[in-house]
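> my questions concern the predicted model and sequence given below.
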Amino acid sequence: MGQSKPIGSNTILIVEGEALVRFDMTAFFEERDWRVLEAEDADQAMSVLDQHTDIRVVLIDATVSGRMDGLKLAYYVRERFPPTLLFIVSGQAPVPQEALPQRATFLPKPFDLYRVLRQIEQSPVTP
Amino acid sequence: MSVSTALLNRLRDLTIARPRPKPLRYGLTVLAIAVVAFVQVALFGSSAPWFLYTPAVVLLALFLGPGPGVLATVLSALGAGLVVARTDLPLLLTPVHWGASVIFLLTTLGLVVLVEALRTALLDADRLREQREKALVVTAEREAFLLGVLGSSTDCIKVLDLDGKLTFMSEGGQQVMEISDFNDVAGCSWPDFWQDAGNVEAKAAVEAAGRGEARSFIGKADTYRGTPKWWHVAVSPIAGPEGRPDRILSVSRDITELRASEEERGRFVRLAENSTDFVGMARTDGSVFYMNDAAKRLVGLEDADITRLTIADFFPPEQVETIAREVLPAVGRDGHWAGELDFRHFRTGDLIPVLYSVFPITDADGTLIGYGTVTRDFRERRRTEDDMRLMNGELAHRLKNVLAVVQSIASQTLRTAPDTETASHNLGARLVALGAATDVLTGNSWRSADLHEVATRALAPHGSIGERILLDGPAVTLKPEVTVAFALALHELATNAAKYGALANSTGTVALEWSVMGQGNDAILSIAWREQGGPLVSPPTRKGFGSTLIERSLRSYFRGKAATDYRPEGLVFELEARLGDAATVNE
């Protein structure tokens, strides 16, 4: 049921357990006319992913709790929704590039939201 | 010496002391008899023809021996016979003369035999006397030798009677025992000189010697002047004429210095034996010859035969080459090597991190005979280092998370503030609340935070605790992940109260009350913020960041319900959560 169509919508899913940080990201993207979906953990994220098939960007904290950790969730997203743009963030030791799913970007916490936005805008909508 | 003895000696000297050659003796005999014959003829003619011969024969036998005596007798008989011989007689001599000649021969020969007996007696006496003189010399020499030995020995040589009383002590012995006059101690009981265990040993040794057994022991005894000394003593029976012990020999040697050096060496031995470090020694070929108990315990060789082991057996295969290529050459070159390696436990095969230190062992001449090691068990240290690394990683992680939270709060503060001054003021106050929360957390190694303490620290800047702000609730230990948000929420509530609520005037109060209903993780934690006595409350037309933060964040962090009720008499904020989600529960 993977989606191969390019995603033109401005919908982002933010998977972050630290609510104070999540609120800021939500506010940041909403101010820029993005539809923001939030998840506190991997389980919530998976149910959100099931309900919304037009998510363009998924930003995951690698340390979120749930049935799977953030990195596993990233692989799940990459497999189920291949065109999705993936950002993985963590305050712990950086995840090496070879451990990341394809076309995923790792950002150490704290990170610059403007940089994330730039990278999204530069990514082609059509693969 | 008596006159007769002197005379005999002289006679002996003249007669037998100087034996003369045979031809001389027999020649002299013939000559003497010839002279006697001439004198006999000249003085007495044919009357008493044997008169002078007898004394001559006796003298010759005496001085020249039995042979010449017999010859002289025969010649005398012939000489006397010739003087009285007559050619007209068919037998040359008259029967009377024959008879006289035979009697002469017999009596004179008898005299020769007697003289010879005398000579032999003289010779025997002489020989006996010489033997006695020689024996005396030998005895004197032996006595001098024994006295010399006794005198020069530094051992204390004593002779005791069977009751253990002193009867003799060598001169050297008197010196080492510091006794100036043996009479002072003669007859004293020898075991009484010994102290403590030595006294028991000495008494036992005397008893044993009485039964014919030899004993030896080491004991402590003061000298006669009181110098304390250690002695090695050998006690043995001296057999009497009947073969039974009738006296006791005791030889004591002063071993005080030896014992002192042994004690010193003993201390070094115990230093190694009692050390809790691994202490071991191996020969230059690597074969192990000593391990202390701590060493055997560390690697599981408690009851094992260590003599078949080599240095390499103690290390995992991958480190054996390090020993051969790096460690031992460095010991030869620099005199030591120290570094972190792993021992291998002989029974379990587990690796044991150690600080391995090696140095050369030399003999008294300085020749290398092997290697020594004092090795420290580094397991605890390694664990501590690992823990420290983990803690450092954890700290970095928390620091980054806190920075991320600060970043979020800063950007939201800036985003919602009407002007930069307000933004700066709000941000500063929020960071202070954040700092108070982290203070409580770091005080508990970021493991937990007491709710009362967090509330006190977060609210103290806004009003006097106990007067304007009242705290009440049981002890609850908040989880670290909710603590920061809780402190910030309290800060926002207090800030709003100071602007529009109970803290805006000088009489209003705020009550922060919390309670726990139920048991264990599923108990319900209820927290309520109630304002009263402030200005009349009306719901805000627009919710700022602060209000949003309070409800939304607490709902998220506490995974519970949060609601704000703008009652006219005062704002009420209520939070309800499962205790296990918010706090550490001790069961």
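Nice, I can see it. Residues are numbered from 1 along each chain as shown, chains lettered A, B, ... in the order given.
> which ones are touching residue B:559?
When contacts are counted by Cβ atoms under 8 Å, 6 or more residues apart in numbering or on different chains, residue B:559 touches B:577, B:578, B:581, B:582. Every C-beta, even on glycine, is put in place using the N, C-alpha and C of the backbone.
> again but with residue A:72, I slipped
residue A:42.
> measure it to chain B for me?
From residue A:72 across to chain B, the span is 19 Å (Cβ to the nearest Cβ, to the nearest Å).
> where does that residue land in three-state SS?
With DSSP: H, G, I helix; E, B strand; the rest coil as the basis, residue A:72 sits in helix.
> surely residue B:356 and residue B:330 touch.
No - look at residue B:356 against residue B:330 with Cβ atoms under 8 Å: they stay out of range, at 11.6 Å.
> what is in contact with those two at once?
Shared contacts of residue B:356 and residue B:330, counting by Cβ under 8 Å, 6+ apart, come down to residue B:337.
> look at those two and report which has more neighbours.
Set residue B:356 next to residue B:330 and count neighbours by other Cβ atoms under 10 Å in any protein chain shown: residue B:356 wins out with 24 against 15.
> what about the more buried one, which SS state?
strand.
> quick one: what helix or strand has the nearest residue to residue B:191 once chain neighbours are set aside in it?
Among residues not flanking residue B:191 along the chain, residue B:202 sits closest, at 3.8 Å (Cβ to Cβ, 6 or more residues apart in numbering or on different chains). Assigned by DSSP states H and E, residue B:202 belongs to helix B:197-210.
> report the beta-bridge partner residues of the residue nearest to residue B:475 when sequence neighbours are not counted.
Leaving aside its chain neighbours, residue B:475 sits nearest to residue B:450 (6.9 Å; criterion: Cβ to Cβ, 6+ apart). Listed by DSSP bridges, the beta-bridge partners for residue B:450 are residue B:477.
> from what I see, the residue nearest to residue B:191 and residue B:190 are in contact.
Yes - here residue B:202 reaches residue B:190: they are 6.6 Å apart, a contact under Cβ under 8 Å.
> any residues in contact with both of the two?
With Cβ under 8 Å, 6+ apart, residue B:202 and residue B:190 have common neighbours residue B:164.
> just the mean pLDDT for stretch B:373-392, thanks.
Taken as a whole, stretch B:373-392 has an average pLDDT of 91.
> nope, stretch B:108-124 is what I meant
88.
> and the strands in the stretch 151-300 of chain B?
B:156-160, B:166-169, B:215-222, B:228-239, B:245-254, B:278-283, B:288-291 (DSSP state E, counting those that start in this stretch).
> show me what the fifth one pairs with in its sheet, parallel or antiparallel.
Here the strand partners of strand B:245-254, with direction, are listed using DSSP bridges: strand B:156-160 (antiparallel), strand B:228-239 (antiparallel).
> highest average neighbour count across the ones you listed?
Stretch with highest mean neighbour count among the strands paired with strand B:245-254: strand B:156-160 (a mean of 21; mean count of other Cβ atoms under 10 Å in any protein chain shown).
> low-confidence ranges in the chain?
In the absence of a named chain, this looks at chain A. A:1-8, A:125-127 (pLDDT under 70).
> look at chain B instead
Those would be B:1-2, B:15, B:17-18, B:587, if you go by pLDDT under 70 across chain B.
> within range of chain A, give me the residues from it.
B:393, B:396-398, B:400-401, B:403-409, B:411-412, B:415, B:484-485, B:488, B:548-549, B:552-553, B:556-557 (Cβ under 8 Å from any Cβ of the partner chain).
> now the residues you listed: which count as buried?
B:397-398, B:400-401, B:404-409, B:411-412, B:484-485, B:488, B:549, B:552-553, B:556-557 (16 or more other Cβ atoms under 10 Å in any protein chain shown).
> test my guess that residue B:509 contacts residue B:529.
No - here residue B:509 does not reach residue B:529: they are 11.6 Å apart, not a contact under Cβ under 8 Å.
> which one of the two has more residues nearby?
More crowded of residue B:509 and residue B:529, by other Cβ under 10 Å: residue B:529, with 26 against 18.
> still on that earlier bit, inside helices: which ones of the residues of chain B next to chain A?
Counting by DSSP state H, the residues of chain B next to chain A place B:393, B:396-398, B:400-401, B:403-409, B:411-412, B:415, B:484-485, B:488, B:548, B:556-557 in helices.
> ok, back up a step: so who does the residue nearest to residue B:191 touch?
So residue B:202 contacts B:164, B:190, B:191, B:193, B:194, B:217, B:219, B:233, B:235 (Cβ under 8 Å, 6+ apart).
> neighbours of the fourth one, how many?
It stands for residue B:193. With other Cβ under 10 Å as criterion, residue B:193 counts 21.
> measure it to residue B:227 for me?
13 Å (Cβ to Cβ, to the nearest Å).
> and for the third one?
With the distance defined as Cβ to Cβ, residue B:191 ends up 19 Å from residue B:227.
> tell me which stretches of the stretch 301-450 of chain B form helices.
For the stretch 301-450 of chain B, the helices defined by DSSP state H, counting those that start in this stretch cover B:317-322, B:328-334, B:379-416, B:420-443.
> cool, chain A as well?
A:19-31, A:42-51, A:70-80, A:113-122.
> the longest one and chain B in contact?
Spelled out, it's helix A:19-31. Yes - for helix A:19-31, a contact with chain B is found by Cβ under 8 Å from any Cβ, at A:19, A:20, A:21, A:22, A:23, A:24, A:25, A:27, A:28, A:31.
> who does that helix touch, helix- and strand-wise?
If you count contacts as 3 or more Cβ pairs under 8 Å, 6 or more residues apart in numbering or on different chains; DSSP states H and E, helix A:19-31 packs onto strand A:11-15, strand A:35-39, helix A:113-122, helix B:379-416, helix B:480-500, helix B:554-558.
> as JSON lines, these with distance to residue B:184 would be great.
As requested, the helices and strands packed on helix A:19-31 are exported to JSON lines (distance: least, Cβ to Cβ, whole Å):
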{"stretch": "strand A:11-15", "distance to residue B:184": "107"}
{"stretch": "strand A:35-39", "distance to residue B:184": "109"}
{"stretch": "helix A:113-122", "distance to residue B:184": "109"}
{"stretch": "helix B:379-416", "distance to residue B:184": "66"}
{"stretch": "helix B:480-500", "distance to residue B:184": "90"}
{"stretch": "helix B:554-558", "distance to residue B:184": "100"}
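> who wins for proximity to residue A:68 among these?
strand A:11-15 (10.8 Å; Cβ to Cβ).
> neighbouring strands - and their directions - for the closest one?
strand A:35-39 (parallel), strand A:57-61 (parallel).
> would you mind measuring from residue B:93 to residue B:107?
Taking Cβ to Cβ, one finds residue B:93 at 18 Å from residue B:107.
> now for the helix or strand where residue B:148 lies, which elements pack on it?
Element membership for residue B:148, per DSSP H and E: helix B:95-152. In terms of contacts (3+ Cβ pairs under 8 Å, 6+ apart), helix B:95-152 is packed against helix B:3-15, helix B:53-64, helix B:66-84, helix B:171-176.
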